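J.: let's see this in three dimensions:
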Amino acid sequence: MHTFQKVSETRLSQIAANLSVHLLSPITVCLWGDLGAGKTTFCRALIRSLCPHVVHVPSPTFTIIQEYASSHGSIWHCDLYRLKAIDEIEELGLLDAFYDKICLIEWPERLGHFLPENRLDLRLTFAADLSRTIEMQCHGAVHIDFNCL
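T.: Numbering: from 1, shown residues only. I've put the predicted structure just below:
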């Protein structure tokens with residue numbers, strides 16, 4: 001596990017951009033944290049880094065999934081906050097996406113037993129001084145050199 005402390009919004013975006021060059025399809029990145037912790041900000045920066053042609057990166061809060069094409073593979077930005085039942089995960093095609101896409105998953109706790117074994121977890125916490133802490137941990141076959149971030 002690697003921890004970044006006292007992370008500003010600018011540094012959060014920089015870490016996301018640095019991480020993006022290490023992500024090749026398929027990989028799942030699970031972003032854990034409360035509302036306002038920076039999950040969507042992180043995803044936007046990562047997507048913009050991999051897809052410089054994309055100007056607008058909306059939050060997938062209502063669409064649940066936004067898809068982007070990149071040279072590293074297809075990116076699915078998923079916000080699972082509004083899922084009502086776990087069987088919706090299969091209906092959305094998310095289980096298949098874990099095997100052939102770059103999946104950025106906000107609110108991964110909604111995956112329940114479908115949480116992929118091979119993944120990168122990012123736990124974001126927001127402090128009173130408006131800084132963030134990011135804890136990153138690889139699981140299964142996922143390996144990232146955190147020193148390059």
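
J.: by mean pLDDT, flag the weakest helix or strand of this protein.
T.: Counting by mean pLDDT, DSSP states H and E, the chain has its least confident helix or strand at helix 88-91, which shows a mean of 92.

J.: next SSE after that helix?
T.: Next along the chain after helix 88-91, taking DSSP states H and E as the criterion, comes helix 94-97.

J.: direction included, what does the following helix or strand past that next one pair against?
T.: On the C-terminal side of helix 94-97, the closest following helix or strand by DSSP H and E is strand 102-106. Counting by DSSP bridges, the strands paired with strand 102-106 are strand 27-32 (parallel), strand 75-79 (parallel).

J.: give me the contacts around the last one.
T.: By Cβ atoms under 8 Å, 6 or more residues apart in numbering, the list of residues contacting strand 75-79 from outside reads 40, 43, 47, 50-51, 57, 59-61, 64-69, 92, 94, 97, 101-107. C-betas here are computed from N, CA, C, even on glycine.

J.: what about 7 Å?
T.: Residues outside strand 75-79 that contact it (Cβ atoms under 7 Å, 6 or more residues apart in numbering) are 43, 47, 50, 59-61, 64-68, 94, 97, 101-107.

J.: can you check stretch 39-48 too?
T.: Among residues not part of stretch 39-48, those counted as contacts by Cβ under 7 Å, 6+ apart are 9, 12-13, 16-17, 19-20, 31, 33, 54, 57, 59, 68, 75, 77, 104, 106, 122, 124.

J.: can we see that at 8 Å?
T.: Judged by Cβ under 8 Å, 6+ apart, the contacts made with stretch 39-48 from elsewhere in the structure are 9, 12-17, 19-20, 23, 29, 31-33, 54, 57, 59, 68, 70, 75, 77, 79, 104, 106-107, 122, 124.

J.: now the buried members of the residues you listed.
T.: For the contacts of stretch 39-48, burial is judged from neighbour counts taken by 16 or more other Cβ atoms under 10 Å, and it is met by 12-13, 15-16, 19-20, 23, 29, 31-33, 57, 59, 68, 70, 75, 77, 79, 104, 106-107, 122, 124.
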